[in-house]
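K.L.:
prediction below, plus the sequence it came from.
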There are 2 protein chains.
Amino acid sequence: MKTIHAILLSLFLIPGAMAQEIQDSIFIRKIYDDALTQSPAYENLRSLCKDVGARITGSAEAEMAIYWGKKLLESYAFDTVYLQEIKVPHWERGNKESAWIVDESGNISKLDIIALGGSIGTNGVLEGEIVGVQGLDELKQLGEAALKDKVVFFNRPFDQKMINTFRAYGTCVDQRWGGAEEASKYGAKAVIIRSLAQQDDDHPHTGSMAYKMDRPIPAAAMSTNNANLLTEWLAKGKVILKMEMDCRFFADMISYNVIAESRGKDEKVITFGGHLDSWDVGEGAHDDGAGIIHSIEALRILKELDYKPNHKLRCVLFMNEENGNFGGKGYAQWCIDNKEEHICALESDRGGFLPLGFDVVGSNDQLKLVQSFKPLLADYRLYNFEKGYGGVDIGPLRKFYPNMLQLGLNPSSQRYFDFHHAESDVFENVNKRELELGGAAMATMVYLMDKYYK
Amino acid sequence: MKTIHAILLSLFLIPGAMAQEIQDSIFIRKIYDDALTQSPAYENLRSLCKDVGARITGSAEAEMAIYWGKKLLESYAFDTVYLQEIKVPHWERGNKESAWIVDESGNISKLDIIALGGSIGTNGVLEGEIVGVQGLDELKQLGEAALKDKVVFFNRPFDQKMINTFRAYGTCVDQRWGGAEEASKYGAKAVIIRSLAQQDDDHPHTGSMAYKMDRPIPAAAMSTNNANLLTEWLAKGKVILKMEMDCRFFADMISYNVIAESRGKDEKVITFGGHLDSWDVGEGAHDDGAGIIHSIEALRILKELDYKPNHKLRCVLFMNEENGNFGGKGYAQWCIDNKEEHICALESDRGGFLPLGFDVVGSNDQLKLVQSFKPLLADYRLYNFEKGYGGVDIGPLRKFYPNMLQLGLNPSSQRYFDFHHAESDVFENVNKRELELGGAAMATMVYLMDKYYK
């Protein structure tokens, strides 16, 4: 790290390095000019969303997305394009997904529900009285007496005060991920959760959950509007849920990460990517079509501008981020098995919104290095470089490369949870300029890392 | 200004002032909590867009918007709510607005056009050969020989490289504002312009234009997709435009700015506002429903939090920004006629998008003052405090108060020109969180100005 600081210090202090800074500034301007005037980013996202569509791991569309990605990467004539085999889970939603509620007077209301990914089905129509709770803690207070054979309704909403909406998500997601396993311990027969969504609307939002398979129970999400309605009904008296779902797991399958590389002067690797799979509703436009496009753009633009990398630039379209992360885990294992040396990794998996900076996972010295680039990036409205989160796909790399610097592209989070894991996550909700600026931001940071980080 | 700097210096250096900074930090957090959890901002914007709708100066809807604004402001029980009489122009689009093009083989294509605000009508179907140009400069080169009795097509697009899209707009807007007057000097019979829009789409975007009335000619905008089509046709040969419009001016009218005030310890005024009028297409949601809501929110939140102002806080809903600015001019004249002392003015007229900071109009010392607040605002992602533009409505104040500090709320501009002056500027294209954050940003800056600027 000392060498890096010496380089960076000289970069801004001595005349030769001033020339260097000007050169960087000109090159970054070229990256943005390319991204904003002649980029195929938006058309590529349209194609992924409309020609392929939703692409959950194990589906025919996921396989199609692998072909789509390989073909697109090959069209840019990078040095190498290849598939990396991984084993993935295969869960399907099935055809049945219905629910309604009945109050003591016999009033009924249909609910817009969606099975959580990994849930078992109901094996016919399940029926049970609903007990509303605000989170996992409440289960213990209520105990088996209150919960046995009941349907637990996890209803804790987003804390709207949080400026970073990922933090708000973080304070609710335990209800989705672990709610069914916890409720099952007290004898509950099913769980339904308030969707992890920013707004009150009619879209149910799915997402992953998990339990030990000794006593699994069905788990689904309902729209926030439905959750508000159900809250009102519960305040008035007993409410019964009736629900039918036939989602289930199939045998594990073989699938692939899709990889493209530009060779560098040495064999050290810089990984950057997003995830190619999506949930099976919407079109995976923001999550994570945008990240796929940002990552491809980074490699494409640097090649287009005839940049000669110092290190191996590797763009990875990860499979199975949403329900297992076997793409990310398999990739990390493959890297260490091949005794690769890795410099750093970048991920884009927070949507195609206005980029504001990068989250940094690393030491204080690594953070300082990233922050030293601020003067070059202020013109492009990239200001936010603080410690935070890299990404699910690149996370497993740190098991084998514990000192690795990781960077997560950090776009504005204000609109993300309007679309996340819902039917509204479609191409039309991605803005062309915002998407292009994200691609330019990724290309810029890959360039700076390749040039200055050793 | 020396006193201010002394205050600000002490604010960050001495223990008593550290307490002050903590107090400010807590108060700003309260502003954001209010805006993000219990604000009527989004519902108020819905009402302005849906219950009133498009509200061009002189229309029945503009009058309705005045009532709407007065009633809403009165509902918050501010110290004073009143109307300020102004004289305004009255232009109407009429019922006819059609155009099509014919090539030499007789192929025809309809164009999506919209009259520019202030244009005369065509008095029946106008017909003329189209001459395409990239800007006003080209007219002189072509001269009367090439332009007499022709229809001039101004086709210079946005420069997509500009990160701040208002700058891109600024490099094209002369075609709309002055194109007709200039083309008329060379004998042209009409002008049509490429819409001042960011994207290639099917929406024609209107906007203001002006000419001396000695030889006015009709002027309209077409969608960017139409402009691309017409460019292709012109590359192949002669193209004739046929166009009919019956827009026209009526006699000037009486209208009103709507004003609400919270009294302060002294009579010095801080003005903040947006404009109540809009164009007559869409719903004026971003332009400038959002600015109206931001400004009302600033006054509402400070009252809600029981803040006791040092100065008179005056929220102004300006009439007639779009086609004349007689609201802004009339307000400035009224202030100086009443010998008012003014401290500073703030405006929000760049849409309801993610706020990034404020543009500053003022001296270097005034800029430094504003930038000294950065540490208080970084948690809210407000970073951009540079010299720039305040706003059309508050601009005339500087004629009488030349040293006045002015601040323009600066939201992300990336999506603004997808909606600007077009039928797509509707409530559904405003995000609730982004709108609320804008209101909080305005309230915060009004608070800081009231507290620290003398």
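P.N.:
Arrived safely.
K.L.:
tell me how many other residues crowd A:Asn325.
P.N.:
21 (other Cβ atoms under 10 Å in any protein chain shown). From N, CA and C alone the C-beta is placed, and that goes for glycine too.
K.L.:
nearest residue to the residue of the stretch 251-400 of chain A found nearest chain B in space, please, no chain neighbours.
P.N.:
Residue nearest to chain B within the stretch 251-400 of chain A: A:Tyr383 (4.5 Å; Cβ to the nearest Cβ). Counting by Cβ to Cβ, 6 or more residues apart in numbering or on different chains, B:Tyr383 is the residue found nearest to A:Tyr383 once chain neighbours are left out, at 4.5 Å.
K.L.:
now swap in A:Arg398 and tell me
P.N.:
A:Met404 (5.7 Å).
K.L.:
the one you found against A:Leu397, yeah?
P.N.:
Yes. A:Met404 lies in contact with A:Leu397 (Cβ atoms under 8 Å); the separation is 6.0 Å.
K.L.:
can you tell me the closest non-neighbouring residue to the closest residue to chain B within the stretch 1-150 of chain A?
P.N.:
Using Cβ to the nearest Cβ, the closest approach of the stretch 1-150 of chain A to chain B is made by A:Leu36 at 4.6 Å. Using Cβ to Cβ, 6+ apart and skipping the chain neighbours, the partner closest in space to A:Leu36 is B:Gln160 (4.6 Å).
K.L.:
I'd guessed that neighbour sits against A:Gln38; true?
P.N.:
No. Look at B:Gln160 against A:Gln38 with Cβ under 8 Å: they stay out of range, at 9.3 Å.
K.L.:
between the two, which has more neighbouring residues?
P.N.:
Neighbours around B:Gln160 and A:Gln38, counted as other Cβ under 10 Å, are more numerous at B:Gln160. The numbers are 20 against 10.
K.L.:
ok, that one - contacts?
P.N.:
By Cβ atoms under 8 Å, 6 or more residues apart in numbering or on different chains, the residues touching B:Gln160 are A:36-37, A:433, B:168, B:198.
K.L.:
for the nearest residue to A:Thr80 once chain neighbours are set aside, give me its contacts.
P.N.:
In space, and not counting its chain neighbours, A:Thr80 is closest to A:Glu261: 4.5 Å by Cβ to Cβ, 6+ apart. Counting by Cβ under 8 Å, 6+ apart, A:Glu261 makes contact with A:78-81, A:312-315.
K.L.:
considering those residues, which possesses the most neighbours?
P.N.:
A:Cys315 (30 neighbours).
K.L.:
surely that residue is within a strand?
P.N.:
Yes. Under DSSP: H, G, I helix; E, B strand; the rest coil, A:Cys315 sits within a strand.
K.L.:
in this structure it contacts A:Ile259, no?
P.N.:
Yes. In terms of Cβ under 8 Å, A:Cys315 counts as a neighbour of A:Ile259; the distance is 7.0 Å.
K.L.:
neighbours of A:Pro411, just the number please.
P.N.:
Neighbour tally, A:Pro411, other Cβ under 10 Å: 26.
K.L.:
skipping its backbone neighbours, what lies nearest it in space?
P.N.:
Spatial nearest neighbour of A:Pro411, chain neighbours left out: A:Phe353 (3.9 Å); criterion: Cβ to Cβ, 6+ apart.
K.L.:
so who does that neighbour touch?
P.N.:
Here A:Phe353 is in contact with A:286, A:411-416, A:431, A:434, A:438 (Cβ under 8 Å, 6+ apart).
K.L.:
quick check, it in a strand?
P.N.:
No. Per three-state DSSP, A:Phe353 lies outside any strand segment and is coil.
K.L.:
dihedrals phi and psi, it?
P.N.:
Torsion angles at A:Phe353 (phi, psi; degrees, to the nearest 10) stand at phi -100, psi 180.
K.L.:
just the pLDDT for it.
P.N.:
A:Phe353 carries a pLDDT value of 98.
K.L.:
swap in the one 5 residues further on?
P.N.:
Residue-level confidence at A:Phe358 comes out at 98, pLDDT.
K.L.:
flag every residue of the stretch 151-300 of chain A that's near chain B.
P.N.:
Within the stretch 151-300 of chain A, the positions near chain B by Cβ under 8 Å from any Cβ of the partner chain are A:160-161, A:163, A:165, A:198-199.
K.L.:
please redo it, this time with the cut-off set to 7 Å
P.N.:
A:160-161, A:163, A:198-199 (Cβ under 7 Å from any Cβ of the partner chain).
K.L.:
list the residues that contact A:Ser25.
P.N.:
A:Leu376 (Cβ atoms under 7 Å, 6 or more residues apart in numbering or on different chains).
K.L.:
mind listing what's buried in the helix or strand harbouring it?
P.N.:
A:Ser25 belongs to helix A:15-37 when elements are defined using DSSP states H and E. By neighbour count with 16 or more other Cβ atoms under 10 Å in any protein chain shown, helix A:15-37 contains the buried residues A:17, A:20, A:24, A:27-28, A:30-36.
K.L.:
ok and the residue in the stretch 101-250 of chain A nearest chain B?
P.N.:
Counting by Cβ to the nearest Cβ, the stretch 101-250 of chain A gets nearest chain B through A:Gln160, at 4.6 Å.
K.L.:
and that residue, how far from B:Tyr32?
P.N.:
A:Gln160 sits 10 Å away from B:Tyr32, going by Cβ to Cβ, to the nearest Å.
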